[in-house]
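Enquirer: Quick one: sequence and predicted model below, then my questions.
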Amino acid sequence: MYSTTVAAFVVAYFVPCLAFTPKECHDSIGPLALRFLSTKRPYTYQTSNPEIPIPQTCTPVKFWYFGRHGTRYPGDDDILAMMDTLTPLHTEISNSINNSLLCEHTRMYLLSWRLGSDVNLLNESHLHEQGKGELQAIGARYKSRYPDLFTDQFSNDTHYFRATDAERTVSSLKAFASSAFSNTSSFWFPNPIKNDPILKFYSVCEKWKEQVDNNGSSRVELKKFLVSSFMNDTITRVSLRLGLARNLTVEEITIMYTNCAFETAWMNGTLAPWCVAFGVEDFQVLAYTEDLEYYHVDGYGSPVNWESACVVLQDAANFLGEYEANPRNPGRNVQAYFSHSGATLKFLARLGLFNGTEINADNFDNVKDSYVWRTSDIDCMGSNIAFVLLQCEDENDLKLGVLFQEQLVNVFDLQGPYVDYHQFKNKIQPILNTCDFQQICDVDA
Ligand SMILES: *[C@@H]1O[C@H](CO)[C@@H](O)[C@H](O)[C@H]1NC(C)=O
Ligand SMILES: *[C@@H]1O[C@H](CO)[C@@H](O)[C@H](O)[C@H]1NC(C)=O
Ligand SMILES: *[C@@H]1O[C@H](CO)[C@@H](O)[C@H](O)[C@H]1NC(C)=O
Ligand SMILES: *[C@@H]1O[C@H](CO)[C@@H](O)[C@H](O)[C@H]1NC(C)=O
Ligand SMILES: *[C@@H]1O[C@H](CO)[C@@H](O)[C@H](O)[C@H]1NC(C)=O
Ligand SMILES: *[C@@H]1O[C@H](CO)[C@@H](O)[C@H](O)[C@H]1NC(C)=O
Ligand SMILES: *[C@@H]1O[C@H](CO)[C@@H](O)[C@H](O)[C@H]1NC(C)=O
Ligand SMILES: *[C@@H]1O[C@H](CO)[C@@H](O)[C@H](O)[C@H]1NC(C)=O
Ligand SMILES: *[C@@H]1O[C@H](CO)[C@@H](O)[C@H](O)[C@H]1NC(C)=O
């Protein structure tokens, strides 16, 4: 107690005079930052404990998987901003670095930053080596959990893999398959099509495109938040910390954050140089900007987001239903889809997951510690949802496991870990009954 008081006294009275050798220098927040990297967070789940226990009397009979691609390169806008905005900003900061409040090693780490030569427009949005590793690891873990479903050899009769028409999803599919089967000599998957009705249902949903994605109103909260006092305070804090004699712009701090997130992902979770500029409060604010956008464009913010995702649930229900319909000829063992954030998030909302408090620009302070629609947790790279159907005592005793990020989760108020398949069917029946995609997506309806 005494020493704390003295320390506080020393800091309060002497630090201003010793500003050139700050005792309370700013250090990186360390691995905690992973919780705030939003949609660029690498897939670091379930690497230490891959077990998903199955009741002794049950056997897995069918497995359905829907996932986002793994860690990728930035899109062209972000790559250009890294070249045209971040690189000159780095020079500017280097010139005034002696005014910064960063600790010595942290300062050196930031100074050491250079944009990698692989971050070029040719690699735009392509799967990164890290992402390939993520999907290989997911595939290997699922094979080890359900060896009888994946089997050593791929076969058209028992397996079906499909990706959207993007390099990053096709490469993700191949990476998953390369470790899910010992022998891929007969591996086959359909040529990806543009606007796949299941994997990219939103791209053919006119109502979503017109009323949500291309509607300025959907990003009103985001825009408001970007000029809020929360954002301005973050900008002031970070600018001062870096030793700049001016305030960073929103564009500058955004690309700093984006680069921090991507490069951390590329280093499998080791914090990248730009991340050292931020404290926990700053990360919270920056992650909230992305959460606000995705909440409205892909989450609970607009009904058409989850309503249109019923087609994905329909696909899963059809696949799982084949077992009940004919246990002796139950169709394929495995169906695996490789898609995007825009589909996985809407599907999460269709399953009613992470449905908490509404988030908007004004309530940041009230919800920042409690809101659940956090893209850092629910929309990381390689994010995935799966269903595993188990046959237990007899052919009618079917149980279902719903997996998110390779962990069993509860949906529709059914208590798991595994739920009675017939109860699950009853819960989703109303959703399937009203799953008229044309009507849901009709702009005039
Ligand atoms: C990446 O990090 C995870 C832990 O988060 C670890 O299990 C995995 O082996 C690492 N991958 C590589 C390629 O180092
Ligand atoms: C910062 O201070 C160090 C040590 O005093 C000095 O060597 C360096 O040139 C200074 N950097 C700048 C950009 O002024
Ligand atoms: C990225 O760019 C480099 C250099 O242009 C190239 O060698 C590499 O193959 C590219 N990587 C991907 C994943 O496209
Ligand atoms: C892989 O399977 C093919 C048949 O599809 C077979 O000809 C080949 O020998 C197998 N390779 C290995 C290494 O077992
Ligand atoms: C798998 O199915 C596709 C499409 O029908 C076909 O082109 C391919 O030859 C099949 N592969 C094998 C090993 O039968
Ligand atoms: C845009 O969204 C707002 C708020 O949800 C809505 O009132 C408006 O009708 C939408 N505009 C269009 C063109 O759909
Ligand atoms: C935040 O800063 C911007 C740009 O300087 C300004 O337009 C805006 O009014 C500020 N917001 C608040 C709440 O002070
Ligand atoms: C940065 O902006 C804040 C208001 O958001 C203002 O109080 C401060 O003076 C500005 N700093 C500089 C260096 O312009
Ligand atoms: C989200 O939660 C609210 C409140 O519990 C509920 O009324 C609503 O139906 C839920 N939305 C979805 C899509 O499940």
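Expert: Good, I have the coordinates. A quick note: this is a predicted structure, and the numbers were derived from the prediction, not measured. Ligands and ions are numbered 1, 2, ... in the order given.

Enquirer: Remind me which helix or strand residue 348 belongs to.
Expert: In the assignment (DSSP states H and E), residue 348 maps to helix 341-350.

Enquirer: Give me the nearest residue to whichever residue of the chain sits closest to ligand 2, chain neighbours excluded.
Expert: With C-beta to the nearest ligand atom, the shortest gap between the chain and ligand 2 falls at residue 98, namely 3.8 Å. Yep, even glycine has a C-beta here, placed from its N, CA and C like the rest. The shortest distance from residue 98 to any non-neighbouring residue, by C-beta to C-beta, 6 or more residues apart in numbering, is to residue 243 (6.8 Å).

Enquirer: Distance check, the one you found against residue 346.
Expert: In this structure, residue 243 and residue 346 are 43 Å apart, going by C-beta to C-beta, to the nearest Å.

Enquirer: Ok, residue 328 next?
Expert: 35 Å.

Enquirer: Which one's more surrounded, these two?
Expert: Each of residue 328 and residue 346 has its neighbours counted (other C-beta atoms under 10 Å); residue 346 has more, 26 against 6.

Enquirer: Could you pull up the residues touching the closest residue to the more buried one other than its chain neighbours?
Expert: Spatially, and ignoring its direct neighbours in sequence, residue 346 is nearest to residue 309 (4.0 Å; C-beta to C-beta, 6+ apart). Applying C-beta atoms under 8 Å, 6 or more residues apart in numbering to residue 309 gives the contacts 201, 343, 346, 347, 349, 350.

Enquirer: count of neighbours near whichever residue of the stretch 101-250 of the chain sits closest to ligand 1?
Expert: Proximity of the stretch 101-250 of the chain to ligand 1 (C-beta to the nearest ligand atom) peaks at residue 133, 4.9 Å away. Residues within reach of residue 133, counting by other C-beta under 10 Å, total 18.

Enquirer: Same question for residue 370.
Expert: 8.

Enquirer: What of residue 65?
Expert: Counted with other C-beta under 10 Å, residue 65 comes out at 22.

Enquirer: Surely it is in a helix?
Expert: No - going by DSSP: H, G, I helix; E, B strand; the rest coil, the assignment for residue 65 is strand, not a helix.

Enquirer: follow-up on the earlier one: can you pull the phi/psi pair for the residue nearest to residue 346?
Expert: Main-chain dihedrals, residue 309, degrees, to the nearest 10: phi -70, psi 0.

Enquirer: Tell me which two of the contacts of residue 309 sit farthest apart.
Expert: 201 and 349 (13.1 Å; C-beta to C-beta).

Enquirer: OK, now which residue of the stretch 151-300 of the chain is nearest to ligand 9?
Expert: Closest point on the stretch 151-300 of the chain to ligand 9, by C-beta to the nearest ligand atom, is residue 300, at 6.2 Å.

Enquirer: Report the contact partners of that residue.
Expert: 306, 349, 355, 358, 373.

Enquirer: if I look at it, how far off is ligand 6?
Expert: Relative to ligand 6, residue 300 is positioned 13 Å away (C-beta to the nearest ligand atom, to the nearest Å).

Enquirer: Same check on residue 419?
Expert: 35 Å.

Enquirer: Show me what that residue bridges to in the sheet.
Expert: Beta bridges link residue 419 to residue 400, judged by DSSP bridges.

Enquirer: Near residue 388, how many other residues are there?
Expert: Residues contacting residue 388 under the criterion other C-beta under 10 Å number 25.

Enquirer: would the residue of the stretch 151-300 of the chain closest to ligand 9 count as being in a helix?
Expert: No - looking at residue 300 with three-state DSSP, it is coil, so not inside a helix.
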